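*Asks:* Generate a structure from the sequence data that follows.
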Amino acid sequence: MVEARLHLHLLSDSTGETLENIAKAALAQFDDVDTVRHFWPMVRTEAHLERILQEIAQNPGLVVFTLVNAATRRILESRCRTLGLPAVAPLDPVNDALTSLLGKQAKARPGRQHVLDAAYFARVDAIQFTIAHDDGIAAEDWEESDIVLAGVSRSSKTPTSIYLANRGFKVANIPIVVESPPPPSLFRLKNPLVVGLTTSADRLIQIRRNRLLSLNQGTDTTYVQEEAVTREIAYARRMFADQGWPVIDVTRRSIEETAAAIIALVNARRGGAAEPFE
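*Replies:* Here you go, the predicted model:
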């Protein structure tokens, strides 16, 4: 059966854990859906929202959000109406029912369900670190990472990094490009677990082609040509093998499954039991 394709945009003014769990539970009720998740935590400014809205316009789909700031919500809902996209706030019915029963208005405070303890602030710090070290940025700080993800362009490095950051891991990621080798410091890292992400050429070409089309760019480029893409993947795999890094094939894995495999590797490195991921 041909899978339906869905772009799912998840916007939260906190860590987004509640929103992710809601989306995961709902999607479990549907078979044969190829879901592309766009996860946007810590959305607390209009400038940040504007950048996200550009991505939503390029990849239209379902928008699910937990934003308590009234002004931010109005902007999001208005733009979604203009784009003809559904925007759902799943906690609203629960809050409305509680307001009716308790006779009190809900406090419009982002992430109020979280206890503001050291673990919570560590997770927020991990998210901020991860965003600041996306796509090869700030290589001089990589030693401070818990995890470094390496892979060719569009191999799910960024969404996987954000997901792991939401679990409290500081993550950096770097694209592996044949014409521009990574800095030597990548091969000297001691503290972080470096993991290589790989995928099939067919899947990668499909993802890259869709990305170019969403940006109204032509597809007559080596970026999506089979020979070039195959060579690029082979180059990355040789690098991973030469360095002895663990490798995860993300071809048929969701972001959650990839992240779970990486967490298992981290636990094994720290002396815990590793879960199988091949």
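
*Asks:* what packs against the helix or strand hosting residue 237?
*Replies:* Under the assignment given by DSSP states H and E, the secondary-structure element containing residue 237 is helix 226-243. In this structure, helix 226-243 makes packing contacts with strand 147-151, strand 193-198, helix 201-214, strand 247-249, judged by 3 or more C-beta pairs under 8 Å, 6 or more residues apart in numbering; DSSP states H and E. Quick note: C-beta positions are derived from backbone N, CA and C, even for glycine.

*Asks:* could I get that helix in PDB with only the CA atoms?
*Replies:* Output of helix 226-243 as PDB, limited to C-alpha atoms (Å, rounded to 0.1, in the frame of the first residue of the first chain):
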ATOM      1  CA  GLU A 226      22.500   9.000  -8.200                       C
ATOM      2  CA  GLU A 227      26.200   8.600  -9.000                       C
ATOM      3  CA  ALA A 228      27.200  11.600  -6.900                       C
ATOM      4  CA  VAL A 229      25.000  10.700  -4.000                       C
ATOM      5  CA  THR A 230      26.200   7.000  -3.900                       C
ATOM      6  CA  ARG A 231      29.800   8.300  -3.900                       C
ATOM      7  CA  GLU A 232      29.000  10.700  -1.100                       C
ATOM      8  CA  ILE A 233      27.400   8.000   1.100                       C
ATOM      9  CA  ALA A 234      30.300   5.600   0.400                       C
ATOM     10  CA  TYR A 235      32.800   8.400   1.400                       C
ATOM     11  CA  ALA A 236      31.000   8.900   4.700                       C
ATOM     12  CA  ARG A 237      30.800   5.200   5.400                       C
ATOM     13  CA  ARG A 238      34.500   4.700   4.800                       C
ATOM     14  CA  MET A 239      35.200   7.600   7.200                       C
ATOM     15  CA  PHE A 240      33.000   6.000   9.900                       C
ATOM     16  CA  ALA A 241      34.700   2.700   9.500                       C
ATOM     17  CA  ASP A 242      38.200   4.100   9.600                       C
ATOM     18  CA  GLN A 243      37.400   5.900  12.800                       C
END
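
*Asks:* quick one on the thing from earlier: can you tell me which of the helices and strands packed on helix 226-243 is nearest to residue 29?
*Replies:* Comparing those by their distance to residue 29 (C-beta to C-beta), the top pick is helix 201-214, with 25.3 Å.
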